[in-house]
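Chemist: have a look; sequence and predicted model below, questions after that.
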Amino acid sequence: MLIVNSVTKYYDQNAVLQNASLSLLDGTFAALVGSSGSGKSTLLNLIGLLDRPDSGDVVIDGRSVAVLSSIEAARFRNELIGFVFQSFHLLSRLTAWENVALPLFHRGVGRAERRTAALAMLDRVGLSDRIGHRPEQLSGGQRQRVAIARALVTEPRLILADEPTGNLDSATGLQVMDLLRQLNRDLGVTILMVTHDRDMARLCDRVIEIRDGRVLPQEEQG
Ligand code: ADP
Ligand code: MG
């Protein structure tokens, strides 16, 4: 489902990623680990089409992203990819269900249909009783559940999660991790999750390690 082929990315003439390659089979839940500054977020942003590599290519679902125009890339991203961030990135003035429904709003889906889809997704993440709460009325773990529901409401094939448990205490982090695992199993969605936490990484199907912008060699999967 995902192939990263010898991607290089420079910032200010420093190679932040150097010939980084990896591939993920459909339905895999993979951890991306590495020390701070090793290039994890840069790699995730390239895969998520938020940024472009200086050389190399990313292939998602058989489509090479290098040849996409920026409008095509945006459409491709909206259709196929969901993002989860460390700091949740919820809109504070919107309720839980409105936050979850937002990607559908951007797709032009009508309000009633948006609400139905958002409520179904909030139910899946265990927040049926919090649909009308705003982010400040929710705990950190609940906020991340809302963000996960938002990432999934468009039924993406791939979830990119950048340290989704980084702002949570370890017990809450493990609950979020369990939820991602469950969604991976139930929906078959492929997940690539950046984490610092070796215990979290161990719960994934695969651990991909990056060091100084290089993906460490690992055995081929499948
Ligand atoms: P990680 O997520 O593994 O902590 P990053 O991918 O965020 O690492 O960053 C890798 C390196 O690239 C760091 O040295 C960082 O300072 C640098 N970097 C990241 N983004 C930018 C940017 N937009 N401009 C300049 N340097 C950047
Ligand atoms: Mg990072």
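Modeler: That came through, no problem. Ligands and ions are numbered 1, 2, ... in the order given.
Chemist: not counting its neighbours along the chain, what's nearest the residue of the chain found nearest ligand 2?
Modeler: Ranked by CB to the ion, the top residue of the chain for proximity to ligand 2 is Ser41, at 3.2 Å. The C-beta positions use only the backbone N, C-alpha and C, and glycine is treated the same way. Spatial nearest neighbour of Ser41, chain neighbours left out: Asp162 (5.6 Å); criterion: CB to CB, 6 or more residues apart in numbering.
Chemist: for the residue of the chain closest to ligand 2, grab phi and psi.
Modeler: The phi and psi values for Ser41, taken as degrees, to the nearest 10, are phi -70, psi -40.
Chemist: okay, now it: neighbour count?
Modeler: When neighbours are counted by other CB atoms under 10 Å, Ser41 registers 19.
Chemist: so it sits against Gly213, correct?
Modeler: No: checked against CB atoms under 8 Å, the pair Ser41 and Gly213 is beyond contact range at 11.9 Å.
Chemist: ok so, going back, I'd assumed Phe88 was in contact with the residue nearest to Ser41.
Modeler: No: using CB under 8 Å, Asp162 is not in contact with Phe88, being 11.4 Å away.
Chemist: buried stuff in stretch 138-145?
Modeler: Across stretch 138-145, burial judged by 16 or more other CB atoms under 10 Å covers 138, 140-145.
Chemist: quick one: it to chain centroid distance?
Modeler: Averaging C-alpha positions (CA atoms, centre = their mean, to the nearest Å) puts stretch 138-145 16 Å from its chain's average.
Chemist: convert the C-alpha atoms of stretch 194-202 to PDB, please.
Modeler: Extracted in PDB, the C-alpha atoms of stretch 194-202 (Å, rounded to 0.1, in the frame of the first residue of the first chain):
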ATOM      1  CA  VAL A 194       5.800   7.800  15.300                       C
ATOM      2  CA  THR A 195       6.600   7.100  18.900                       C
ATOM      3  CA  HIS A 196       9.400   7.500  21.300                       C
ATOM      4  CA  ASP A 197       8.000   4.800  23.500                       C
ATOM      5  CA  ARG A 198       9.500   1.300  23.000                       C
ATOM      6  CA  ASP A 199       6.600  -0.300  24.900                       C
ATOM      7  CA  MET A 200       4.200   1.300  22.400                       C
ATOM      8  CA  ALA A 201       6.400   0.300  19.500                       C
ATOM      9  CA  ARG A 202       6.400  -3.300  20.700                       C
END
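Chemist: now what about that stretch, what contacts it?
Modeler: Applying CB atoms under 8 Å, 6 or more residues apart in numbering, the contact partners of stretch 194-202 are 31-33, 36, 40-41, 44, 161-166, 170, 173-174, 177, 193, 207.
Chemist: residue ranges with poor pLDDT in this structure?
Modeler: Where the chain drops to pLDDT under 70, the residues are 219-222.
Chemist: do a quick rundown of the strands in it.
Modeler: Along the chain, counting by DSSP state E, strands occupy 2-11, 14-24, 29-33, 55-60, 63-64, 81-85, 158-162, 190-194, 206-211, 214-215.
Chemist: and those as TSV, adding distance to ligand 2 and mean neighbour count?
Modeler: Output for those, formatted as TSV (distance: least, CB to the ion, whole Å; neighbours: other CB atoms under 10 Å):
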stretch	distance to ligand 2	mean neighbour count
strand 2-11	13	18
strand 14-24	11	18
strand 29-33	10	23
strand 55-60	18	17
strand 63-64	25	12
strand 81-85	10	22
strand 158-162	6	24
strand 190-194	6	25
strand 206-211	10	18
strand 214-215	15	20
